[in-house]
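1. give me coordinates for this.
(chains A and B)
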Amino acid sequence: MSLRDQVMISAMVGGAPALEPEGSALDSLLRVLTQRPIPQRTLDAIALVTAYTEAGLSPLPAAQLPVPCADDSRHICGPSSAGHCRELLTDRRGLLREWLALLNAANLRALEELLPGLLDAATGDRTLRKDACAAAGPRGPWLAQFRPEWLWTRAAAADETAWETGTQAERAAFLEQLRGSDPARARGLVESTWAEESAEGRRQFVEALTVGLGPEDEAFLEKTLDDRSVAVRRAAAELLGSLPDSQLSQRMAQRLAGRIRLEKTGLLGSKRVIEVVPFEEIDAAMVRDGIEKKPPAGLTVGERAWWTEQAMACIHPSHWVNSLGVTEPQLVEAAKNGEWAALLLEGWRRAAIRHGAHEWLSTLAEQAVPGISATAELFRGMQPEARETAMASWLDKEPKAWLPQVAICCDHPWSLPFTRAVLKAAARNLPAGPTDPFGYHMKSLLRASALLASTDLTASPEGDDFAEFTDILSFRRGMRQALQNQENR
Amino acid sequence: MAISVSAQQVSALAPDEASAKAARALATPRPWSGLGQDGQAIWGACQGSGKVPYLTQVDWAGPAFKCSCPSRKFPCKHGLALLFLLADQPALYADSERPPWVKTWIESRAQRAETQNSKEPTQVDEGARAKRTEQREGRVGAGLDLLDLWLQDLVQQGLASAPGKGFPFWDQQAARLVDAQAPGAARLVRELGGIAVSGAGWQERMVSAIGRLVLLIRAFRRLEKLSPETQADVRSTIGFPISQDEVLSSPAVRDKWLVAAQSVTQEDRLRVQRTWLAGRESGRSALLLDFAVGNAGFKTSLIPGTSIGAELCFFPGAAPLRALVKEMYDAPSQESELIGCQSVAESHMQLCDRLARNPWIEAQPVLLRSVVPVPSAGVWSISDASASMPCLPDYALLAISGGHPIDLAGEWDGNVLRPLMAGIAGRLANLRQAVPV
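-> Reported below is the predicted structural model:
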């Protein structure tokens, strides 16, 4: 036993260490110690032996060095951008997405020491992952081998081995990526292992087909409507319902044939009205096509109307313009003249969002009610320009009702004219005083607006209400300039 | 000559996050007028909410800040903003003649430094002082004798029972040492309480901490037989004060000092800043300690990653590290590379050598070229081809390295290395500034 071990043991359990000489320079000193009374001898031995051994320790052997990370040929972002990024990570998280996008657009990479912060931020917020991954470059997956929380970075760099040996999440991520470049091949991979996949895996893979969805996917999805798992069937029906002219969509149109009719009413028959004959019952074929029997809890709608609405949602809304022979606004007007307005507008709304029917979305936006999630969905389905037009017109008409909705409905980078329109509406509707309940809405509106407003805005409105807005906007302008300057150099 | 600073370096000078943020908001050209610099100082007037703009100035020697605003934060946001703006848009600061208000301040600072340097030692009653020292030594001796008995008792019971003792057990003995005017020894005893509950490996740490205490007791008993350097180490470990005048009267070491790393630790409301310097010519390492209470800023605001021409005076000791700045003779300049040992083994030798000279040494600097941080199974280390050293997990450091060799400056606490600054590809990265994970 080494001297140090002897000392350790006697110190731990009490009693005197034996102090066997070990042929070191300590031996002669230890011989002196053995003359001393026991508790002192123990202490002296502890002091001598620990000081002696600690000052003479050999260094630890070399560690197994990791395989170095591949080089990243992009230029590193400059010191002001690094400063911005630091601030974003500590207390301006809301701007991280924009900064990452700008960084990637400028083809720069983030300062290495900031990567852990960026990767952690993106671990907590999935929507940042794609941009964070690009910003990190090869360092991302390299670092992930030492921190499993960051393994998602490998998905972006995934190759076909990820499909064969990766985790469920890695495989789904790989699939989504492959769909972007080679949708047919991705579908082929899904079909090749279909029988061995778990229900959850099958659902994820069907959902991955959302990327690059096209008519070629229909045959596979149609088959999937007979899957064992209800979640898989639902996912397949959802995709088929968004494929224009799919067989499922045509079946729905046949089911609804004659049930939605344009009629004339009023004294001279000058008024159009839409009459609806909802489904009386639901059959097995409808269930197979994804129609759910029970409306979700909290939705106050009759079962029959619910089935009808779901069927409408699977049909491209231009179908009604063609089959009934009037324009979108006329259809909406006719729907509102009858007693089925709610059902029809909701059916068209869902169909329009699903199929990206821009004319319809704009028409429906004119009927939108502020403050409900259906309205936000509708706006988000629209093209930015159309959104801004629709919102600007609402802000003109009912500013107080729509101001709190602006950032929720228009969550894209705003154009300069729209930014000015929002600020004008805000400046005209400032809260009356500290007790005005509208003050709360205004504060959160301006805070959210500052993240979306155009940085080309040269003069923001004066006044305390706009101080935070101005501060955030000037920070954004600074971070843009810093990255653009570097890009130009 | 213009001095360049980075926003990162300026952030490091801020007393807290809020100040840095407020200063950043002010770092736009709009509120400023009369911006200028002359190599020694930079200045400007900042329009606040009042009528009269605040006059803000920074002397690079230090750097030292002065501002006419009423803020109690130091440095205030205006001083920091002046530097942030310099970092962003140096072109705004024309080389120009000092305005009178800057001139007055810089001159008064120079004068103060002068008087401090040439101050006649105040006349003290040598006899009374010797008597006070003798009394104190008597009390300390008695206190250490009691500590000896207490420790004998402890090891006779066996240290295995230590983790169950609870903090009051250790704190009481520490309090007795404070009464005996041995605050340094008291702190070492209080630390035993922490070690006892520090988890895996506590036994080794406990035995080695007790070993140091015993060595201290024995050394103090035969103090006059030890070398003057070791006497100084014993006295400072026990907590005898040493006057700054005494330190400053020792021969100074003149060198170009690289500000290699900086760390701040919190002890209750007291914050302790350790700044590690490395002499380019002398090859010596030095430690500057600074203390701040609550929200106050630190007095010395050396910027890691710069270097300063200065004369340092070292506190006496067998392995002297702690030093005072006697004189700074030019403004800091930006550095892009670390200096240090060529291998882990050499650095390890240096640590052991200082420990052999001064067994009570606590923090030591580690400066290394070309090492790779290696995280493996929860135990991190830095390694080269032939040896390694345990280090604290640091993902920023790992990201900087990416498996490639880097230069490193850090602090060794006797068990593990705390990385503080990394150098790679002609760039220095202050790890304290990275957002912690």
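2. name the helix or strand of chain B that has the lowest mean pLDDT.
-> Every helix and strand in chain B was compared by mean pLDDT, DSSP states H and E; the lowest is helix B:7-13, with a mean of 75.
3. just how off-centre is whichever helix or strand comes after that helix within its chain?
-> Where DSSP states H and E defines the elements, the next helix or strand beyond helix B:7-13 is helix B:17-26. Relative to the mean C-alpha coordinate of its chain, helix B:17-26 is positioned 24 Å out (CA atoms, centre = their mean, to the nearest Å).
4. so what touches the least confident helix or strand of chain B?
-> Around helix B:7-13, the neighbours that count as contacts under CB atoms under 8 Å, 6 or more residues apart in numbering or on different chains are A:79-80, A:82-83, A:86, B:20, B:23, B:63, B:75, B:80, B:83-84, B:87-88, B:262, B:297, B:301, B:303-306, B:430, B:432-433. C-betas here are computed from N, CA, C, even on glycine.
5. please export the C-alpha coordinates of stretch A:405-424 as PDB.
-> Output for stretch A:405-424, consisting of C-alpha atoms alone and laid out as PDB, is shown next (Å, rounded to 0.1, in the frame of the first residue of the first chain):
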ATOM      1  CA  GLN A 405     -54.700  41.300 -34.500                       C
ATOM      2  CA  VAL A 406     -52.200  42.900 -36.800                       C
ATOM      3  CA  ALA A 407     -49.100  41.000 -35.700                       C
ATOM      4  CA  ILE A 408     -51.000  37.700 -35.300                       C
ATOM      5  CA  CYS A 409     -52.600  37.800 -38.700                       C
ATOM      6  CA  CYS A 410     -49.600  39.400 -40.600                       C
ATOM      7  CA  ASP A 411     -46.600  37.600 -39.200                       C
ATOM      8  CA  HIS A 412     -44.400  38.200 -42.200                       C
ATOM      9  CA  PRO A 413     -41.800  41.000 -42.700                       C
ATOM     10  CA  TRP A 414     -43.900  44.000 -43.500                       C
ATOM     11  CA  SER A 415     -43.600  46.300 -46.500                       C
ATOM     12  CA  LEU A 416     -42.800  49.900 -45.800                       C
ATOM     13  CA  PRO A 417     -46.200  51.200 -46.800                       C
ATOM     14  CA  PHE A 418     -47.900  48.700 -44.600                       C
ATOM     15  CA  THR A 419     -45.600  49.500 -41.700                       C
ATOM     16  CA  ARG A 420     -46.600  53.200 -42.100                       C
ATOM     17  CA  ALA A 421     -50.300  52.200 -42.200                       C
ATOM     18  CA  VAL A 422     -50.100  50.300 -39.000                       C
ATOM     19  CA  LEU A 423     -48.200  53.000 -37.200                       C
ATOM     20  CA  LYS A 424     -50.700  55.600 -38.400                       C
END
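6. residue 91: neighbour count?
-> Using chain A. The local packing of residue A:91 (other CB atoms under 10 Å in any protein chain shown) involves 10 other residues.
7. not quite, I wanted chain B
-> Counted with other CB under 10 Å, the neighbours of residue B:91 add up to 8.
8. for the residue nearest to residue A:12 when sequence neighbours are not counted, give me the pLDDT.
-> Take residue A:12 and drop its neighbours on the chain: the residue closest to it by CB to CB, 6 or more residues apart in numbering or on different chains is residue B:160, 4.8 Å away. The per-residue pLDDT reported for residue B:160 equals 92.
9. specify the local secondary structure of residue B:160.
-> Going by DSSP: H, G, I helix; E, B strand; the rest coil, the secondary structure assigned to residue B:160 is helix.
10. does it really touch residue A:10, like I thought?
-> No: between residue B:160 and residue A:10 there is no contact, the gap being 11.2 Å when judged by CB atoms under 8 Å.
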